[in-house]
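Student: got a structure for you, letters missing:
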């Protein structure tokens, strides 16, 4: 891999844990509202596993991280932010406001972040015996279930029955 730049890891300032940010699942430029001054700053975002990192430049060490395992939602936020192509990533404590350069980029980010949130959700399980990822429906999932396309097929077996799961309390 000669000539390939390797991005430095993110070092959590609280725990000193190092997080590898190379080979991300998704990455690109977004503009983020700062927490304290509420001004907008362009940052390079790196999605890897259940973490969303942000840095000032594509190959610089990230200086911030959003733990998607703590996130409750990702959704469009044009009205809330007063910015086009914006979305929010919410945890119980903090809501991050971001905007993309285009509607397509916004939709791609919402989709990728949403899938990452679902993957680390306690209600999600990967069902290798059926060859699909749980929580879905629609034609693609229905095709994997005996061709019942058009039905709103919902297989509850893909959700865990964990006592901490609010859906089963």
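Tutor: Nice, I can see it. Bear in mind the structure is a predicted one, so any value in this text is a computation, not a measurement. Residues are numbered from 1 along each chain as shown.
Student: correct me, but residue 119 touches residue 48?
Tutor: No. Residue 119 is not in contact with residue 48 according to CB atoms under 8 Å; the separation is 11.9 Å. To be clear about C-beta, it is placed using only N, CA and C from the backbone, and glycine gets the same treatment.
Student: strands of this structure, start to end?
Tutor: 10-11, 18-19, 26-33, 40-48, 51-55, 64-67, 73-76, 86-90, 95-99, 126-127, 132-133 (DSSP state E).
Student: compare residue 119 and residue 48 (neighbour count), which wins?
Tutor: More crowded of residue 119 and residue 48, by other CB atoms under 10 Å: residue 48, with 18 against 15.
Student: helices and strands of this structure: which one has the lowest mean pLDDT?
Tutor: helix 138-143 (a mean of 31; mean pLDDT, DSSP states H and E).
Student: from residue 97, how far off is the closest residue to residue 43 other than its chain neighbours?
Tutor: Spatial nearest neighbour of residue 43, chain neighbours left out: residue 54 (4.2 Å); criterion: CB to CB, 6 or more residues apart in numbering. Between residue 54 and residue 97 the distance, using CB to CB, to the nearest Å, works out to 13 Å.
Student: okay, the strands of the chain in TSV with distance to residue 108 next?
Tutor: Output for these, formatted as TSV (distance: least, CB to CB, whole Å):
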stretch	distance to residue 108
strand 10-11	22
strand 18-19	23
strand 26-33	7
strand 40-48	10
strand 51-55	14
strand 64-67	17
strand 73-76	12
strand 86-90	11
strand 95-99	12
strand 126-127	22
strand 132-133	18
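Student: now, of the ones you listed, which is deepest in the fold?
Tutor: strand 51-55 (a mean of 22; mean count of other CB atoms under 10 Å).
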